[in-house]
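# Provided below are the primary sequence and the corresponding predicted coordinates.
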Amino acid sequence: MPNPDLAPLVRALQAAERDAQARPDEHADGAAYYDERRAIDDAARRVQTLRVRLAEMEASGKSLRQKIGIARRQLGTPDDSHAHRVARITGARTQSTTDCTLSELRAILAEYQAAGFQVKPPKRVASAAAPSAEQIAGNGLLAKVQALLADQKLPWSYAEAILRRQRGISDRRVRCPLRTLTAQEARALIAALANRQARQTREGAA
């Protein structure tokens with residue numbers, strides 16, 4: 001039985017993908033063109049937003065299950081005791097954390113913490129890997145991003161942080177490699193970096 005939290009989101013994503021694919025390739029003339037163009041863009045954004053939400057939920061579930069596994073090993077909890085705990089918290093719906101909702105996983109982890117498990121501070125997130133020279137050379141927008149970062153002495157991780165915000169991702173563990181930039185995202189990123197550069201120039205001249 002899959003995580004019940006994910007089922008509605010998966011269905012919504014499938015519906016959004018069908019809607020996006022059903023949009024016509026050819027557009028009407030005049031004002032109708034702009035209406036269709038907005039509808040296509042809205043459908044694409046909805047698909048992207050749902051994909052990000054699904055990725056975040058899957059990442060959160062994976063992180064909680066990993067912590068629970070560490071807690072079991074740290075406290076030496078037998079398999080049957082762990083299964084009984086999961087069954088009790090889920091109302092006997094399951095004995096496996098794979099099938100738990102996020103709230104159930106948090107409740108299980110809370111019980112392990114009450115029993116003495118201590119969560120270690122998360123390790124520092126690794127800095128973003130810079131795109132390769134070949135990737136930059138073959139992408140004019142990415143080259144512009146590189147130039148703006150270099151002018152302002154900013155690391156690639158700064159650009160990745162902007163991209164993460166643009167995609168509505170709050171979890172820093174979810175990576176957003178710059179090589180996956182869409183043209184629309186690249187233009188928005190360039191605008192954000194250019195605005196920062198202009199703002200700092202104004203402040204420096206004041």
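Arrived safely.
# Check which helices and strands the longest helix seen in the chain sits against.
Longest helix in the chain by number of residues (criterion: DSSP state H): helix 31-75. Counting contacts by 3 or more CB pairs under 8 Å, 6 or more residues apart in numbering; DSSP states H and E, helix 31-75 packs against helix 6-22, helix 102-114. For the C-beta atoms, the positions are set from N, CA and C on the backbone; glycine is no exception.
# Report the inter-axis angle for that helix versus helix 102-114.
30 degrees (axes from the mean of the first three to the mean of the last three CA atoms, to 10 degrees).
# got the angle between the worst-scoring helix or strand of the chain on mean pLDDT and helix 31-75?
The weakest-scoring helix or strand in the chain, judged by mean pLDDT, DSSP states H and E, is helix 6-22 (a mean of 73). Counting by the same axes, to 10 degrees, helix 6-22 lies at 150 degrees to helix 31-75.
# picking that back up, and the helix or strand that the longest helix of the chain is followed by, what's buried?
In the C-terminal direction, the helix or strand that comes right after helix 31-75 (DSSP states H and E) is helix 79-89. Residues 82, 85, 86, 89 are the ones in helix 79-89 that count as buried (16 or more other CB atoms under 10 Å).
# From these, pick the one nearest residue 111.
Residue 111 has its nearest neighbour among these in residue 85, at 6.4 Å by CB to CB.
# quick revisit: which of the helices and strands packed on helix 31-75 is buried the deepest?
Most buried of those, by mean neighbour count (mean count of other CB atoms under 10 Å): helix 102-114, with a mean of 17.
# Tell me the helices and strands packed up against that one.
Packing partners of helix 102-114 (3+ CB pairs under 8 Å, 6+ apart): helix 31-75, helix 79-89.
# can I get the ones you listed in CSV with mean pLDDT?
Output for those, formatted as CSV (pLDDT from 0 to 100):
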stretch, mean pLDDT
helix 31-75, 78
helix 79-89, 93
